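[1] With the input below, show me the fold.
(one chain, ligands or ions: 1)
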Amino acid sequence: MLVVQNINTYIGRKQIITDATFEIHPGNIIGLIGPNGAGKTTLMKTILGLTKFDGQIRLNQTTVTENQHAALANVGALIEHPAIYPFLTGQQNLALYAHDPADCRRLIAKLEMTTYIHDQAKGYSLGMKQKLGIAIALLNDPQLVILDEPMNGLDVEATIGVRRLIHQYAAQGTAFLISSHILSELQKVMTHAILINHGRIIVDQPIAEFEQLHHQAYRLHTENSQLTVKLLSRHHIQYTLDGDTFQVNPKDIFEIQDILSAQHVHLKELTPISSSFEQIVVQLLNQQRGGDQHHD
Ligand SMILES: Nc1ncnc2c1ncn2[C@@H]1O[C@H](COP(=O)(O)OP(=O)(O)OP(=O)(O)O)[C@@H](O)[C@H]1O
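    Below is the predicted model of the structure:
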């Protein structure tokens, strides 16, 4: 549905996105993850034809450029602050974009905006504005919805409501590209993860594959920790040590067993341990910085 190929985005003379390539298919919920300033918002704006870029963006075979937005008719978006007219009511704001009043009513009910939807939007709280912005993005059964930090300012119930809506729309084939710093929240909805750092995509994977490929470390416990330290160091094998427990990389476990066995150091434990999604992301970013394998 959406094909992004070799995108380079510039703001002024500064290159913000470098060589971004990925695809989004119907029903995908892509979590766009990355540190502050990584380029998430810029990438979203680029897809919406709002920045200067080179490379190819095609939505259903139709090209999007800075000046060609026809393909975006079926794309809903909430980027930075919702585009809301403060002197109109929430209802009037929705009506500006809606093709079908029934669609408005449905979204107002699902996002529980009934009590204030006839008030002027200028009096709305941050969360109320955010919900209205999400409702606008979801109007008219979009094929693709781009949401930048959608959970900003939402209370617990609204967060659950938005999550439910995302699942419902995705089940009907709508695709989502969602950025959030709340990884635990993204984890509840996303089917794929794109990790971006310094404007480059460093991971683009289905979530199951992502966790499987990146999560493992092994816990190692031997009968002689001091000798184990010496042997691992001598063979340049990376590890962390907490008390008597080592943590090592999966790729090294066979070599470690051979080394220890050659020196008659017996294993007491060698077991896979899983990391949280957050730990994996931190680890990947650390690796990018040339950092080590330490965990919190
Ligand atoms: N209008 C602008 N002028 C100059 N530089 C900009 C502009 N907008 C963004 N940038 C730069 O582009 C880079 C990416 O910014 P962007 O807002 O896309 O990051 P982000 O991943 O969305 O960050 P955050 O998580 O903090 O929202 C940053 O280095 C930022 O300083």
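[2] CA atoms for contacts and neighbours, from now on please.
    OK.
[3] gap between Leu231 and the ligand?
    42 Å (CA to the nearest ligand atom, to the nearest Å).
[4] where in this protein is pLDDT low?
    Scanning the chain for pLDDT under 70 picks out the ranges 215, 290-296.
[5] residues touching the most far-flung residue of it relative to its centre, list them.
    Distance to the chain centre peaks in the chain at His264, reaching 46.3 Å (criterion: CA atoms, centre = their mean). Neighbour list for His264: empty [criterion: CA atoms under 8 Å, 6 or more residues apart in numbering].
[6] Let's verify Gly76: helix, strand, or coil?
    Following DSSP: H, G, I helix; E, B strand; the rest coil, the label given to Gly76 is strand.
[7] pretty sure it contacts Val145?
    Yes. If you go by CA atoms under 8 Å, Gly76 and Val145 touch, sitting 4.6 Å apart.
[8] Just give the number of residues close to Thr245.
    16 (other CA atoms under 10 Å).
[9] Just give the number of residues close to the residue nearest to it when sequence neighbours are not counted.
    Once flanking residues are discounted, Thr245 sits nearest to His221: 5.2 Å by CA to CA, 6 or more residues apart in numbering. Here the number of neighbours of His221 (other CA under 10 Å) works out to 20.
[10] Does His221 belong to a helix, a strand or coil?
    strand.
[11] In contact with it, which residues?
    Asp244, Thr245, Phe246, Leu267, Lys268, Glu269, Leu270.
[12] got it, and Val162?
    Contacts of Val162 (CA under 8 Å, 6+ apart): Leu111.
[13] A strand includes it, no?
    No. In this structure, Val162 is helix, not part of a strand, as judged by three-state DSSP.
[14] Could you shift the numbering so residue one becomes 25, and keep it that way?
    Let's use 25 as the start, then, which means that last one is Val186.
[15] how about the residues of the chain that lie near the ligand?
    Ile35, Ile40, Gly58, Pro59, Asn60, Gly61, Ala62, Gly63, Lys64, Thr65, Thr66 (CA under 6 Å from any ligand atom).
[16] In helices, which of these fall?
    Lys64, Thr65, Thr66 (DSSP state H).
[17] now the helices: where do they sit in the protein?
    Using DSSP H, helices in the chain cover 64-71, 114-121, 125-134, 150-162, 180-195, 207-213, 231-239, 249-258, 277-286, 301-312.
[18] Compare those helices and report which one is nearest to Gly51.
    helix 180-195 (4.5 Å; CA to CA).
[19] Which entries within the ones in helices among the residues of the chain next to the ligand meet the buried criterion?
    Lys64, Thr65, Thr66 (16 or more other CA atoms under 10 Å).
[20] The nearest residue to the second one once chain neighbours are set aside bridge partners, please.
    Nearest in space to Thr65, with sequence neighbours left out and distances taken as CA to CA, 6+ apart, is Asp172 at 6.7 Å. With DSSP bridges as the criterion, the beta-bridge partners of Asp172 are Ser203.
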